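Peer 1: just coords:
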């Protein structure tokens, strides 16, 4: 239709005039016709000389040509007329021959084509319309009927294969999954001995540690189909849809067995039933019930293994974790220094690295980084290199990327001189306390340039990975947190809101020391005082396992620890006031100071042997616990 409209809008030549048959004969006798074309009873041709039409003698109602204000009649070079087929004209051909007029005869039209265009084509268009409407209705009906089905992402051995060689820094987790791979490759030897492979393996670890990648590596090593989906895809608004999708998922897995079913974010559907206050989520609980039934209903000879990942194993339903369902839990933790170096090698193998890039040094500077964090670090370094028009990714690009990730992006905030002075003394207080206490993590960099949501940042990086924290180290962390606020009091004579985050983290750490790690006056007791309880109202239905008097003593212990650290830091900064002033003045001039400049201003850090012990009870051993 669009093409037809465009064609009709194109400019056309002068149209042909329709003349009587007698006028046509007159023009032939006057030798004014150059040629004609006969198409049935229609005769079309061209004049040798254009003629006006209508002629003046026929236009009786029109004034003669040349009268004032009267337009002349148009002239035409082409004409069309009709042959009088009813009476015939045998003298036409001799007249044309005598006048030397060429005659062209058009072939007669095909009657079948006309019959098709007038009869068959409308019928075919109508049938096509009916077929289209029927397919649309079937598709709509199929969408309603398939509402309870699920479409997991399926990876086969023909696609890009991921193996254990693509996973670094998780040697213990890979070793725990080797048996799963061996069962999928050689199931017969296990079944003949009556052994039963674990039906489910739960991968537990912080976000970004590579749980999904590890699951794909298991499927790649075993060479079996890999069905992947998120647990949130089961949960819908209508009750029963999630349970139907669970049944459909396991039915699809059985068709392609041996196979691996991977469910990410298992806590989205596997949360503890009956927890919290308010309306019960019937849809989620029915979905979880169906999931439990399907895992129990596995035939022992079905070669299907369910791998699930979560970073919140504490919220999962106990029935989900019992033997026979998720028999094993594999911890996928943060990599150590050697693991970080291996991960960096994987993520930088496609980057043109400069000669000054040392991955061993980078791994030492990134404690606590997950695999995803290291991948982001490599990508940010490549982006920085491209931004600076470097041909290779240099050590400076990695340093810029690391500072951006740790400190946050730089904000262009214009601070008043008074605010800059407050920020300089605040950050200087953190630095001086950390510098003078040998148990504190080393200070690598301090800046009063706003980064992220902070007006200033002090960067501390531990020299090595820590898995066990002593009471001395925790008290030192509290002192460093309180150093900024105490420095403001001493130098400015007032306190500001800049220490808000420091106070929140210090109070939280002190409460954990008392309630979790037995470092208060209550002795070696642990209290269930988890401030991160995920279920609303869960503590209301279960109550606390200690009295109100014990809760009051816990609060007093927390206050005593914070106040003792506050007085200790005040004495420490009062004795080092000259160093604090020099550091603040340097920060106001340079804005960012590195480790070498700190060494020149503050002098060498004291060793542990030259520092008197902290005030308070002596350090106590702590059960291995990673502090977050």
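Peer 2: Cool, got the structure. Nothing here was measured: the structure is a model prediction, and the numbers come from that model.

Peer 1: any chance you could map the strands in the stretch 251-400 of the chain?
Peer 2: Assigned by DSSP state E, counting those that start in this stretch, the stretch 251-400 of the chain shows strands spanning 259-264, 304-310, 326-331.

Peer 1: Kindly present those as CSV, with separate columns for distance to residue 596.
Peer 2: C-beta here means a position set from N, CA and C on the backbone, and glycine is covered the same way. Below are those laid out as CSV (distance: least, C-beta to C-beta, whole Å):
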stretch, distance to residue 596
strand 259-264, 45
strand 304-310, 43
strand 326-331, 40
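
Peer 1: Quick one: these as TSV, columns for mean pLDDT, mean neighbour count and distance to residue 591 too.
Peer 2: Below are the strands of the stretch 251-400 of the chain laid out as TSV (pLDDT from 0 to 100; neighbours: other C-beta atoms under 10 Å; distance: least, C-beta to C-beta, whole Å):
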stretch	mean pLDDT	mean neighbour count	distance to residue 591
strand 259-264	85	24	43
strand 304-310	86	25	43
strand 326-331	85	17	42
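
Peer 1: secondary structure class for the residue nearest to residue 45 when sequence neighbours are not counted?
Peer 2: By the measure of C-beta to C-beta, 6 or more residues apart in numbering, the closest residue to residue 45 outside its immediate chain neighbours is residue 36, 3.6 Å from it. At residue 36 the chain is in strand, as set by DSSP: H, G, I helix; E, B strand; the rest coil.

Peer 1: Quick check: pLDDT value at the nearest residue to residue 312 once chain neighbours are set aside.
Peer 2: For residue 312, ignoring the flanking residues on the chain, the nearest one in space by C-beta to C-beta, 6+ apart is residue 267 at 4.5 Å. pLDDT for residue 267: 84.

Peer 1: Residue 267 - how many residues pack around it?
Peer 2: Using other C-beta atoms under 10 Å, the number of residues around residue 267 comes to 21.

Peer 1: what does residue 605 give?
Peer 2: By the measure other C-beta under 10 Å, the count of residues near residue 605 is 16.

Peer 1: got it, and residue 381?
Peer 2: When neighbours are defined as other C-beta under 10 Å, residue 381 has 27 of them.

Peer 1: ok, it touching residue 396?
Peer 2: No. With contact defined as C-beta atoms under 8 Å, residue 381 does not count as touching residue 396 (9.3 Å).

Peer 1: that older thread, quick one: contacts for the residue nearest to residue 45?
Peer 2: Shown in contact with residue 36 (C-beta atoms under 8 Å, 6 or more residues apart in numbering): 43, 44, 45, 96, 101, 102, 103, 104.

Peer 1: which residues does it form a beta bridge with?
Peer 2: In this entry, residue 36 is beta-bridged to residue 45, residue 103, by DSSP bridges.

Peer 1: Kindly give the local confidence score, pLDDT, for it.
Peer 2: The predicted local distance difference test score for residue 36 is 87.

Peer 1: again with the one 10 residues further on
Peer 2: pLDDT recorded at residue 46 is 86.

Peer 1: Ok, residue 146 next?
Peer 2: As predicted, residue 146 sits at a pLDDT of 51.

Peer 1: do the one 3 residues further on as well
Peer 2: The score at residue 149 is 57. That number is its pLDDT.

Peer 1: what's the answer for residue 577, then?
Peer 2: Per-residue pLDDT puts residue 577 at 92.

Peer 1: which residue packs closest to it, ignoring adjacent ones?
Peer 2: Once flanking residues are discounted, residue 577 sits nearest to residue 490: 6.8 Å by C-beta to C-beta, 6+ apart.

Peer 1: Could you list the buried residues of the helix or strand containing the one you found?
Peer 2: Using DSSP states H and E, residue 490 sits within helix 471-492. Buried residues in helix 471-492, counted by 16 or more other C-beta atoms under 10 Å: 471-488, 490-491.

Peer 1: Quick check: what element follows it along the chain?
Peer 2: For helix 471-492, the following helix or strand on the C-terminal side (DSSP H and E) is helix 500-515.

Peer 1: now that following helix and helix 471-492, what's the angle there?
Peer 2: Helix 500-515 runs at 150 degrees relative to helix 471-492, counting by axes from the mean of the first three to the mean of the last three C-alpha atoms, to 10 degrees.

Peer 1: contact partners of helix 500-515?
Peer 2: Against helix 500-515 from outside (C-beta under 8 Å, 6+ apart): 454, 471, 474, 477-478, 481-482, 484-485, 519-520, 522, 526-527, 529, 531, 554, 557-558, 561-562, 565, 627.

Peer 1: from the middle of its chain, how far away would that helix be?
Peer 2: Using C-alpha atoms, centre = their mean, to the nearest Å, the mean C-alpha position of helix 500-515 is found 33 Å from that of the whole chain.

Peer 1: List the buried residues in that helix.
Peer 2: For helix 500-515, burial by neighbour count (16+ other C-beta under 10 Å) applies to 502, 506, 507, 509, 510, 511, 512, 513, 514, 515.

Peer 1: What of stretch 380-400?
Peer 2: So, applying 16+ other C-beta under 10 Å, buried residues of stretch 380-400: 380, 381, 382, 384, 385, 393, 394, 395, 396, 397, 398, 400.

Peer 1: can you give me the mean pLDDT across that stretch?
Peer 2: In this model, stretch 380-400 has a mean pLDDT of 92.

Peer 1: Start and end of it, how far apart?
Peer 2: Here the two ends of stretch 380-400 are set 9 Å apart, with distance taken as C-alpha to C-alpha, to the nearest Å.

Peer 1: from the chain's centre, how far out does it sit?
Peer 2: 24 Å.

Peer 1: Now tell me what touches that stretch from outside.
Peer 2: Stretch 380-400 is contacted from outside by 348, 351-354, 356-358, 362, 377, 401, 404-405, using C-beta under 8 Å, 6+ apart.

Peer 1: The same query, at a cut-off of 7 Å, please.
Peer 2: Contact with stretch 380-400 is made by 351, 352, 353, 354, 356, 357, 362, 401, 404, 405, as judged by C-beta atoms under 7 Å, 6 or more residues apart in numbering.

Peer 1: cool, stretch 73-93 as well?
Peer 2: 14, 16-21, 24, 41-47, 50-54.
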